[in-house]
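Peer 1: Would you be able to build a 3D model of this:
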Amino acid sequence: MNSPQLQRGVFLALLFAVTAAFVWVLMPFFGAVMWGVALAILFTPLYNLLLKKMPQRRTLAAMATLAICLVIVILPLALVGVSLVQEVALVAQNIRSGQINFANYFQQILAALPRWLLNLLERFNLGDMAAWEARITAGAAEGSQLVAGKALTIGQNTFDFLVSFFVMLYLLFFLLRDGAPLSKKVRDALPLAKPHTHYLLNKFTTVIRATIKGNVAVAIAQGTIGGLSFFFLGVQGALLWAVLMAFLSLLPAVGAALIWGPVAIYFLATGHFWQGGVLIFVGVFVIGLVDNILRPLLVGKDTQMPDYIVLMSTIGGIAVFGINGFVIGPLIAALFMAAWDLFAISNENDEKTTGTH
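Peer 2: Purely as a prediction, here's the structure:
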């Protein structure tokens, strides 16, 4: 019996199946699609501004916006990436040749420790210095091999990266040019009340903009300050450590300190007191201030999420989705909170309508 209910059920099943299949087909380009959408959201205000200057020329405005995005975002990242590959190769070579010897650095720190602290380490079975030296040497060797292996993998995956990169640019162009009508189609197609759809999509765009602007601004600021400090203090591989501090700064509160903290300890333990003092001052009062001021202003304020939710969702997102997780984690958390807020409001409205309490 071909009833309307059966037809609707079959249609919904077909809709779900083809949507799942389409998502499955796009999964190899998940990162390209995500960053295409994110950059389109970020640069749409610029596109709208250019469109006002050249009305009825949407294609030209989208191409101009794409060119500006390439110049101020993508090309600088590419240049830093090329320099970073060279720096990583040099550091790995220095580790293998012994010019950078972490076991020797550790020995120097131990030699500077007071006797009472060495006795405390021995009491907890942590005083076997030969074993520590062997572990550090083995870890450094494995690390250099891992870096070399990753560099080889990157070289082998260059074609995949280029394909994803051009997919992202291609998608970004069309999302800029046709984003408004596409957004309207999505709003009309979603089976939600119009105010709820509008609220959730606004939350989506707000979180994307705030997270990218906030986290990227904090990462650039902390990485730049830390890298310049390392450079002026004579630390080898300043660019590499700067990039690592930038990436680790995606973890609020403690990120960059995982790099500059051990270096400061080494300076103090080996008698380089002014270098250690300068690095601690910069780390605590400059890099730390950037994190404590910029991140809540640019991320938490716009997303209207507590700092601890931003922290947990960022760490969880990176753990699940890799580097893309610093955007996806807070986005999921914000949509989760927004959906439950809407659910609570709907329940309150239903109670008022029915007169129940």
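
Peer 1: burial measure for Y199, as a count.
Peer 2: Number of residues near Y199 (other CB atoms under 10 Å) recorded here: 17. In short, each C-beta sits where N, CA and C put it, glycine included.

Peer 1: Tell me the first helix or strand C-terminal of the helix or strand bottoming out on mean pLDDT in the chain.
Peer 2: Least confident helix or strand, the chain: helix 129-156 with a mean of 54, by mean pLDDT, DSSP states H and E. The element immediately downstream of helix 129-156 (helix or strand, assigned by DSSP states H and E) is helix 158-189.

Peer 1: isn't L331 right up against T205?
Peer 2: No - applying CB atoms under 8 Å as the test, L331 and T205 come out as separate, 10.2 Å apart.

Peer 1: what about those two, which has more around it?
Peer 2: Neighbours were tallied for L331 and for T205 using other CB under 10 Å; the higher tally belongs to L331 (23 against 16).

Peer 1: low pLDDT regions in the chain?
Peer 2: Scanning the chain for pLDDT under 70 picks out 1-2, 81-159, 251-254, 295-304, 307, 349-357.

Peer 1: For the stretch 201-350 of the chain, which segments count as strands?
Peer 2: Taking DSSP state E, counting those that start in this stretch, the stretch 201-350 of the chain contains no strands at all.

Peer 1: Number of residues surrounding G277?
Peer 2: For G277, using other CB under 10 Å, the count is 13.

Peer 1: which residues touch it?
Peer 2: L268 (CB atoms under 8 Å, 6 or more residues apart in numbering).

Peer 1: measure it to G223 for me?
Peer 2: Distance of G277 to G223, computed by CB to CB, to the nearest Å: 22 Å.

Peer 1: just S3 next, same as before
Peer 2: 62 Å.

Peer 1: Looking at those two, which one has more neighbours?
Peer 2: Legend: neighbour count by other CB under 10 Å for S3 and G223, higher for G223 (24 against 8).

Peer 1: check contacts around the residue nearest to that one when sequence neighbours are not counted.
Peer 2: Leaving out its chain neighbours, the residue that sits closest to G223 by CB to CB, 6 or more residues apart in numbering is A246, at 2.9 Å. Counting by CB under 8 Å, 6+ apart, A246 touches A219, I220, Q222, G223, T224.

Peer 1: any chance of those in TSV, plus distance to V263?
Peer 2: Listed next are the contacts of A246 as TSV, based on distance: CB to CB, whole Å:
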residue	distance to V263
A219	19
I220	20
Q222	15
G223	15
T224	17
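
Peer 1: Most neighbours among those residues, please name it.
Peer 2: Compared across those, Q222 has the highest neighbour count, 30 neighbours, by other CB under 10 Å.

Peer 1: Contacts only, for it.
Peer 2: Residues in contact with Q222 (CB under 8 Å, 6+ apart) are M245, A246, S249, G255, A256, I287, V290, D291.

Peer 1: how about a cut-off of 7 Å?
Peer 2: Residues near Q222 by CB atoms under 7 Å, 6 or more residues apart in numbering: M245, A246, S249, A256, I287, V290, D291.

Peer 1: burial of the residue lying closest to it once chain neighbours are set aside, as a residue count?
Peer 2: Among residues not flanking Q222 along the chain, S249 sits closest, at 4.2 Å (CB to CB, 6+ apart). When counting by other CB under 10 Å, one arrives at 29 neighbours for S249.

Peer 1: Touching, S249 and A256? I think so.
Peer 2: Yes - in this structure, S249 is within contact of A256 by CB atoms under 7 Å, at 4.9 Å.

Peer 1: hmm, back to that, P55: which of the contacts of A246 is nearest?
Peer 2: Of all these, P55 sits closest to I220, with 34.8 Å by CB to CB.

Peer 1: And the closest one, how close does it get to I212?
Peer 2: As judged by CB to CB, I220 and I212 stand 12 Å apart.

Peer 1: quick one on the thing from earlier: out of the contacts of Q222, the closest to A319 would be?
Peer 2: Distance to A319 across these (CB to CB) is lowest for S249, with 16.4 Å.

Peer 1: List the contacts of the closest one.
Peer 2: With CB under 7 Å, 6+ apart, S249 has these contacts: V218, A219, Q222, G223, G255, A256, D291.

Peer 1: ok, so of these, who is nearest L200?
Peer 2: V218 (26.4 Å).

Peer 1: count of neighbours near the closest one?
Peer 2: V218 has 25 neighbours, counted by other CB under 10 Å.

Peer 1: was I right about it contacting G288?
Peer 2: No - with contacts counted by CB under 7 Å, V218 stays clear of G288, the gap being 11.3 Å.

Peer 1: From the contact counts, what lies against the helix or strand where N48 lies?
Peer 2: Element membership of N48, judged by DSSP H and E, is helix 30-53. The helices and strands touching helix 30-53, judged by 3 or more CB pairs under 7 Å, 6 or more residues apart in numbering; DSSP states H and E, are helix 58-69, helix 158-189, helix 194-232.

Peer 1: of all those helices, which lies closest to Y266?
Peer 2: With CB to CB as the measure, helix 194-232 is the member of the helices and strands packed on helix 30-53 nearest Y266 (12.0 Å).

Peer 1: Off-centre distance for that closest one?
Peer 2: 9 Å (CA atoms, centre = their mean, to the nearest Å).

Peer 1: Pretty sure A242 sits against A221.
Peer 2: No - A242 lies out of contact with A221 (CB under 7 Å); the separation is 11.2 Å.
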